[in-house]
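Asker: just to be clear, the model below is a prediction. Sequence and coordinates:
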Amino acid sequence: MNSKILDGKKLAKKIREEIAQKVIHLKNEKAIIPGIAVIILGEDPASHTYVNMKEKACKEVGFYSEIHRLQNSTKEEELLKLIEQLNHNEKIHGILVQLPLPDHINENIINAHISPFKDVDGFHPSNLGKLFLGQPSFVSCTPKGIIKLLKYYGVEIRGKHAVVIGRSNIVGKPIATLLLNEDATVTLCHSKTRDLAQYTQQADIIVSAVGKAHLINHKMIKREAIIIDAGMNRLNGSLVGDIDFHDVIEKVKLITPVPGGVGPMTITMLLENTLEAALRS
Ligand SMILES: Nc1nc2c(c(=O)[nH]1)N[C@@H](CN(C=O)c1ccc(C(=O)N[C@@H](CCC(=O)O)C(=O)O)cc1)CN2
């Protein structure tokens, strides 16, 4: 069974060790310490867990980091003002606003206000446009991590039929674009897709990013499919993905577990993007 696992935790550890070495070099040779500012609004426990994980990961690789924990009631103008300050702060190479944001804040306005050169989440319209044109600059972390994982495990993407489930700006749309840029034939399914199984049964590669526990079972996939599970759901107190892992494992060629698959790669790609931003600065 182990040979079927796309182990994101293991690859993330390897990449983080390489980043830590590069940071030492950057400090010694150029006196640059990569710096990131993370902004989080409100009290959502999962978001705080992710931000704490980001802070810990930054410490481990030797980055400077500052976390701005703001109240849920923070006004959009206040948030824009903080981003403006961070855009001009020379210690900060990467800026990230943790999502989701409260309803009274317009996510698109916020993302467009972050300097595209510090946009380590890859959500700025100009970075999304570059991705769309096949000339990516900063690419959002989960999709970038998924491609890294597929390539590390030697998965050929060219010519494969990839079915992406979910059309979010964070995962679904960018991973569909990245797979297309890698010459896959891409089908993008979403909540209004009729007869989802009709598509997933034809997929060589499935990427699910919906947030619906155990949406995909063995009847919905073809034998030897490669499955990427970017779903993160709480079910009876434990963390599970969109894929019914134990139900499909016998049938798949490769699969990411939840936890330990896509998640650790997300934070590692954030470190990679921040290092890149510091190198470009
Ligand atoms: N500004 C952003 N907001 C959000 C992003 C993002 O990329 N940028 N992605 C998600 C949340 N996320 C990072 O922010 C994230 C989610 C999950 C993990 C992770 O490592 N998960 C672990 C399990 C953790 C647990 O036990 O709860 C795993 O899968 O092994 C990292 C980052 C939404 N918001």
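Answerer: It's in.

Asker: where does the prediction get shaky in this protein?
Answerer: 1-2 (pLDDT under 70).

Asker: could I get the phi/psi values of the residue in it positioned nearest to the ligand?
Answerer: Closest residue of the chain to the ligand, Cβ to the nearest ligand atom: residue 263 (2.1 Å). C-beta: built from backbone N, CA, C; applies to glycine. Backbone torsions of residue 263, given as degrees, to the nearest 10, read phi -50, psi -60.

Asker: that one touches residue 8, doesn't it?
Answerer: Yes - contact between residue 263 and residue 8 holds when scored by Cβ atoms under 8 Å: they sit 6.7 Å apart.

Asker: tell me, how many residues neighbour residue 46?
Answerer: Residue 46: 12 surrounding residues under other Cβ atoms under 10 Å.

Asker: sorry, back to before: could you count how many residues lie near the residue of the chain closest to the ligand?
Answerer: Residue 263 has 24 neighbouring residues, counting by other Cβ under 10 Å.

Asker: nearest spatial neighbour of residue 5, chain-adjacent residues omitted?
Answerer: residue 257 (6.1 Å; Cβ to Cβ, 6 or more residues apart in numbering).

Asker: who are the contact partners of the one you found?
Answerer: The contact partners of residue 257, by Cβ atoms under 8 Å, 6 or more residues apart in numbering, come to 5, 7-8, 229, 241, 245.

Asker: switch to 10 Å and redo it
Answerer: 4-9, 229, 240-241, 243, 245, 249, 263 (Cβ atoms under 10 Å, 6 or more residues apart in numbering).

Asker: these in strands, which ones?
Answerer: By the criterion of DSSP state E, membership of the contacts of residue 257 in strands covers 229, 240.

Asker: who's in contact with the residue nearest to residue 123 when sequence neighbours are not counted?
Answerer: Closest residue to residue 123 apart from its sequence neighbours, by Cβ to Cβ, 6+ apart: residue 111 at 4.2 Å. Shown in contact with residue 111 (Cβ under 10 Å, 6+ apart): 83, 97, 99, 101, 119, 121-125, 127-128, 169.

Asker: elements contacting the longest helix seen in the chain?
Answerer: When the chain is parsed with DSSP state H, its longest helix is helix 8-30. Contacts defined by 3 or more Cβ pairs under 10 Å, 6 or more residues apart in numbering; DSSP states H and E place helix 8-30 against helix 45-61, helix 141-152, helix 262-280.

Asker: which parts of the stretch 51-200 of the chain sit against the ligand?
Answerer: With Cβ under 6 Å from any ligand atom as the criterion, the stretch 51-200 of the chain comes near the ligand at residues 53, 96-99, 121, 141-142, 170.

Asker: try it again with 8 Å
Answerer: For the stretch 51-200 of the chain, the residues in contact with the ligand (Cβ under 8 Å from any ligand atom) are 51, 53-54, 96-100, 121, 123, 140-142, 170-171.

Asker: can I get the buried part of those as one ChimeraX selection?
Answerer: To isolate the buried ones among these in ChimeraX, judged by 16 or more other Cβ atoms under 10 Å, type:
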select :51,54,96,97,98,99,121,123,140,141,142,170,171
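
Asker: closest to residue 67 among the residues of the stretch 51-200 of the chain next to the ligand?
Answerer: Among these, residue 51 lies closest to residue 67 (Cβ to Cβ), at 6.2 Å.

Asker: my read: the closest one touches residue 69, true?
Answerer: Yes - using Cβ atoms under 10 Å, residue 51 is in contact with residue 69, at 7.9 Å.

Asker: which residues in the stretch 151-281 of the chain form strands?
Answerer: 161-165, 185-189, 205-208, 226-229, 233-235, 238-240, 254-255 (DSSP state E, counting those that start in this stretch).

Asker: between these, which one is closest to residue 24.
Answerer: Of those, nearest to residue 24 by Cβ to Cβ is strand 226-229, at 32.5 Å.

Asker: that closest one pairs with which strands?
Answerer: strand 205-208 (parallel), strand 254-255 (parallel) (DSSP bridges).

Asker: tell me the most buried of the ones you listed?
Answerer: Stretch with highest mean neighbour count among the strands paired with strand 226-229: strand 205-208 (a mean of 27; mean count of other Cβ atoms under 10 Å).
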